[in-house]
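Trainee: no sequence for this one, just the structure:
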């Protein structure tokens, strides 16, 4: 379209036509548009970071189960066979023989303090593995929502820029016509042309940004040409509940994944000190064995092979006496590591406190911004209408209308982004409190076009 011959249109009408055109273009693909929950499920089955965390959890589970082996019976089977040939200068001593034997042995730990402490550590390790998987799941929820809203925000930006482009082109055409009939100066036309060129550059940047954001979402969920469903306007954002930051801190408590991991690591460090001190303690095992062998008789006058069966049951006691001060130095090391784990736990609690408070006030601020931008949108629309009327009667110049248009579309874009930030901020707040689950996506999903 030639901007100089464009038909004058109002900014709301331009935005309305852009939206209708977008709906017509996307109408055929509406059935393929995906909701936030649907894309999260896809990401859960595809995202490499989350799948790696889940595989690490399975490995940690198996590793923890290995520790119990130190308290369970050990059974072994051994067998051997040999053939001997004698070649002597005395022919009477020449000959050959064979020996065959098999032994079944078993042992049951009766008193092994280190093995018992290791088994207790394994139980704590399971808790750590579960907390890490929970963190990975919460992170995936936030990353998916972030990528989802990034695409919607990029689409909004492109829509608003295209609407602004249409409005500016109409203003340029009007300025050119007024200049030709002598009711306006060439300055108006040049200002409108400069603003039109700027909007064209912004449109190119917005198109590229949308392309990049869609690629990021596609890569996260493992699908091509994803089409997120937009928010239904007007939208009522969910309230901040509870509305007290201390309530969110109390909600986090000691079950927050970060705090839980730090506390379990501290308890493991305490058990590690106990294991080091147990280096001086004895071990007691119940042992048993049964064996059979067949070999040439060693008793004079008893020819041929003799089969021998032997069995034994007993208790084995072992007491370390001196290990070159290794035990004492190991105790010193574990005590220092225990102190480190204690400080790590305190650091985790402080970090959760700060994150929860920051997330809470971030949501509170975002809600205030949404209300302020809604008011600013109405004021910017009124200002644009007033400047358009003033331009028509000659009390405003063209640049005033262009600036008012730019302010209106910038406010619309900021408002859309602020809404997304509030919804995402609620999820980040629940993540900071350690209570975020995939079910928390359902209230957001209900705000999307169905």
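Mentor: Great, that's in hand. Here the structure is a predicted model, which is why all the values come from computation and not from measurement. Numbering: from 1, shown residues only.

Trainee: show me where the stretch 1-150 of the chain has its strands.
Mentor: Using DSSP state E, counting those that start in this stretch, the strands found in the stretch 1-150 of the chain span residues 74-86, 95-111.

Trainee: and residue 266, what does it touch?
Mentor: 338, 341, 342, 344, 345 (CB atoms under 8 Å, 6 or more residues apart in numbering). C-beta coordinates here come from the backbone N, C-alpha and C atoms, glycine included.

Trainee: so, low pLDDT: which residues of this protein?
Mentor: Scanning the chain for pLDDT under 70 picks out 1-31, 88-95, 183-184, 297-304.

Trainee: quick one: the spatially most central residue of the chain and residue 248, what's the gap?
Mentor: Ranked by distance to the mean C-alpha position of the chain (CA atoms, centre = their mean), the top residue is residue 139 at 2.6 Å. Distance of residue 139 to residue 248, given as CB to CB, to the nearest Å: 19 Å.

Trainee: which residues in the chain form helices?
Mentor: In the chain, the helices defined using DSSP state H lie at 11-27, 36-46, 48-66, 113-181, 186-221, 245-252, 257-277, 326-393, 398-433, 441-445.

Trainee: how about those, which one is nearest residue 233?
Mentor: The minimum distance between residue 233 and the helices of the chain falls on helix 398-433, with 9.1 Å, by CB to CB.

Trainee: can you give me the buried ones in the closest one?
Mentor: Within helix 398-433, the residues scored as buried using 16 or more other CB atoms under 10 Å are 398-402, 404-409, 411-433.

Trainee: now do it against helix 113-181, angle only.
Mentor: Helix 398-433 and helix 113-181 are oriented at 170 degrees to each other (axes from the mean of the first three to the mean of the last three CA atoms, to 10 degrees).

Trainee: and the angle from helix 398-433 to helix 326-393?
Mentor: 160 degrees.

Trainee: helix 398-433 packs against which elements?
Mentor: Helices and strands touching helix 398-433, by 3 or more CB pairs under 8 Å, 6 or more residues apart in numbering; DSSP states H and E, are helix 11-27, helix 113-181, helix 186-221, helix 245-252, helix 326-393, helix 441-445.

Trainee: again, only this time at 6 Å
Mentor: helix 113-181, helix 186-221, helix 245-252, helix 326-393 (3 or more CB pairs under 6 Å, 6 or more residues apart in numbering; DSSP states H and E).

Trainee: now those helices as TSV including distance to residue 438?
Mentor: TSV is the format used below for the helices and strands packed on helix 398-433 (distance: least, CB to CB, whole Å):
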stretch	distance to residue 438
helix 113-181	6
helix 186-221	14
helix 245-252	18
helix 326-393	19
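
Trainee: and among those helices, the most buried is which?
Mentor: helix 113-181 (a mean of 20; mean count of other CB atoms under 10 Å).

Trainee: what helices and strands are in contact with that one?
Mentor: If contacts are counted by 3+ CB pairs under 6 Å, 6+ apart, helix 113-181 sits against helix 11-27, helix 36-46, helix 48-66, helix 186-221, helix 257-277, helix 398-433.

Trainee: what's the second one in contact with?
Mentor: For helix 36-46, the external contacting residues (CB atoms under 6 Å, 6 or more residues apart in numbering) are 144, 148, 220, 221, 222, 223, 441, 444, 445.

Trainee: my read is that residue 376 contacts residue 411, right?
Mentor: Yes - counting by CB atoms under 6 Å, residue 411 is a contact partner of residue 376 at 5.0 Å.

Trainee: just checking, residue 165 touches residue 199?
Mentor: Yes - counting by CB under 6 Å, residue 199 is a contact partner of residue 165 at 4.5 Å.

Trainee: my guess is residue 310 meets residue 289, correct?
Mentor: No - judged on CB under 6 Å, residue 310 makes no contact with residue 289 at a distance of 7.9 Å.

Trainee: more neighbours: the two, which one.
Mentor: Per other CB atoms under 10 Å, whichever of residue 310 and residue 289 has more neighbours is residue 289, with 16 against 11.

Trainee: so the more buried one touches residue 312, yeah?
Mentor: Yes - under the criterion of CB under 6 Å, residue 289 makes contact with residue 312 at 5.3 Å.

Trainee: between the contacts of helix 36-46, which is nearest residue 206?
Mentor: Nearest to residue 206 among the contacts of helix 36-46, with distances taken as CB to CB, is residue 148, at 18.1 Å.

Trainee: against residue 211, how distant is that closest one?
Mentor: To residue 211, residue 148 is 16 Å away according to CB to CB.

Trainee: and if you look at residue 270?
Mentor: Taking CB to CB, one finds residue 270 at 54 Å from residue 211.

Trainee: over to residue 338?
Mentor: 53 Å.

Trainee: follow-up on the earlier one: make a markdown table out of the contacts of residue 266 and add distance to residue 64.
Mentor: As requested, the contacts of residue 266 are arranged in a markdown table below (distance: CB to CB, whole Å):
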| residue | distance to residue 64 |
| --- | --- |
| 338 | 21 |
| 341 | 18 |
| 342 | 23 |
| 344 | 21 |
| 345 | 21 |
